[in-house]
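A.B. asks: coords please:
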Amino acid sequence: MVTRYEEMIVKDRDEYDRFPATSSLGYKEGFLHRPIVNEYAELLWDWIIALVPHARRKRKAYQLSLTHDVDQICKFGAVSKDIRIIVSLALKHVQPVRAMKHLIGMCQTRIGRAKDPFYTYDELMDISEQKGSKACFYFMARESAACDTGYDVTEKKVVRIIENILNRGHEVGLHPSIGSYLSYEKLHHEKEQLDKILGYSNYGGRQHYLQWKGPDTWRFYEKVGLTHDSSVGYVETPGFRCGICMPFYVFDVLAGRKLNLREIPLITTDTSVFSKKYHDFEYDQIKNKLVKSIKYRVKKVSGNYCLLWHNSSYHKYGVEALNDLINNDN
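C.D. replies: Model (predicted):
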């Protein structure tokens, strides 16, 4: 489970070359929503204590890890870009209401009457601080391309956001672009760009669109000097792709060696909860049943509940929805 060996055997992939949750052993055998590796560890400890009553184990406390992929710095950018969006919505997609809303939002933001809806960095840090944890923001470091919204990480407004995050004691990581999961050159270039902004090189990353292939992506991450990866989760559904809810050092099963890289398993994403592209469930069904059950299981084994919530999702889905996913503790 933790090496993702099955993904090297099963060749099923979606349009972004991602391994589908429905092709996994966990899904087919009904344990995708259980941290099966942690449960086996608990069973093993029960046996050890039964045989050696004085045995003691170190237990870590349950942790909440709020993470944020910054695909777009702001909703409203250059005037020319916004006008193209408005024209496209009105004429190409025949959505005049959306076009008008975009125009009004652009104007209000530009004259200072409203804050850009994607500038939610302080609000997201506030939530993590209220929970006694650190947020991690993954920034892109390349130009715009197909499937990548892109932005210049050296722009003053981006640098100011990053400085604010670091000054408040939170973390910044790399959000590598589409296709970089199989390209050392792309990863190396993008990490160098972020290194220059941060002034240090000791941080982790998460792939855009959660593109990942084992053990190749892990090898490239180690080679470019990233400290951790947090890409191994499913976009279609909350669950335990690695069968575990704790950070672990990864093992290259093909080379037969442990890598100097940790995986922080991604358990829930905003997309997996809300997107109708991947499921037909209503939000309340997922929140009240699936997410509630998953969080309960993570807490039971004192695990790390890693949640992805894009900065652009704060207003898209509502802060109440995010708080629901965090505070659903029963």
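A.B. asks: Strands along the stretch 101-250 of the chain, start to end?
C.D. replies: Ranges of strands within the stretch 101-250 of the chain are 136-139, 171-174, 228-229, 248-252, based on DSSP state E, counting those that start in this stretch.
A.B. asks: Please report phi then psi for residue 21.
C.D. replies: With angles defined as degrees, to the nearest 10, residue 21 sits at phi -60, psi -40.
A.B. asks: Do I have it right that it meets residue 236?
C.D. replies: Yes: under the criterion of C-beta atoms under 8 Å, residue 21 makes contact with residue 236 at 4.9 Å. For every residue, glycine as well, the C-beta is placed using N, CA and C.
A.B. asks: Which element, helix or strand, includes residue 68?
C.D. replies: For residue 68, the host element (DSSP states H and E) is strand 63-70.
A.B. asks: what's that strand packed up against?
C.D. replies: Applying 3 or more C-beta pairs under 8 Å, 6 or more residues apart in numbering; DSSP states H and E, one finds that strand 63-70 contacts helix 121-130, strand 136-139, strand 304-308.
A.B. asks: do that again at 6 Å, thanks
C.D. replies: Under the contact definition 3 or more C-beta pairs under 6 Å, 6 or more residues apart in numbering; DSSP states H and E, strand 63-70 sits against strand 136-139, strand 304-308.
A.B. asks: Give me the contact list for the last one.
C.D. replies: What it means is strand 304-308. The contact list for strand 304-308, computed with C-beta atoms under 6 Å, 6 or more residues apart in numbering, reads 63-67, 245-246, 264, 266-269, 295, 298.
A.B. asks: what would those residues look like in JSON lines with pLDDT?
C.D. replies: Output for the contacts of strand 304-308, formatted as JSON lines (pLDDT from 0 to 100):
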{"residue": "63", "pLDDT": "93"}
{"residue": "64", "pLDDT": "93"}
{"residue": "65", "pLDDT": "94"}
{"residue": "66", "pLDDT": "95"}
{"residue": "67", "pLDDT": "97"}
{"residue": "245", "pLDDT": "97"}
{"residue": "246", "pLDDT": "96"}
{"residue": "264", "pLDDT": "98"}
{"residue": "266", "pLDDT": "97"}
{"residue": "267", "pLDDT": "96"}
{"residue": "268", "pLDDT": "93"}
{"residue": "269", "pLDDT": "92"}
{"residue": "295", "pLDDT": "92"}
{"residue": "298", "pLDDT": "95"}
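A.B. asks: picking that back up, most tightly packed of the helices and strands packed on strand 63-70?
C.D. replies: Highest mean neighbour count of the helices and strands packed on strand 63-70: strand 136-139, a mean of 24 (counted as mean count of other C-beta atoms under 10 Å).
A.B. asks: partner strands of that strand, parallel or antiparallel?
C.D. replies: Each strand paired with strand 136-139, and its direction, by DSSP bridges: strand 63-70 (parallel), strand 171-174 (parallel).
A.B. asks: Quick one: these as a markdown table, columns for distance to residue 161 and mean neighbour count too.
C.D. replies: Shown next, in a markdown table, are the strands paired with strand 136-139 (distance: least, C-beta to C-beta, whole Å; neighbours: other C-beta atoms under 10 Å):
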| stretch | distance to residue 161 | mean neighbour count |
| --- | --- | --- |
| strand 63-70 | 8 | 23 |
| strand 171-174 | 9 | 22 |
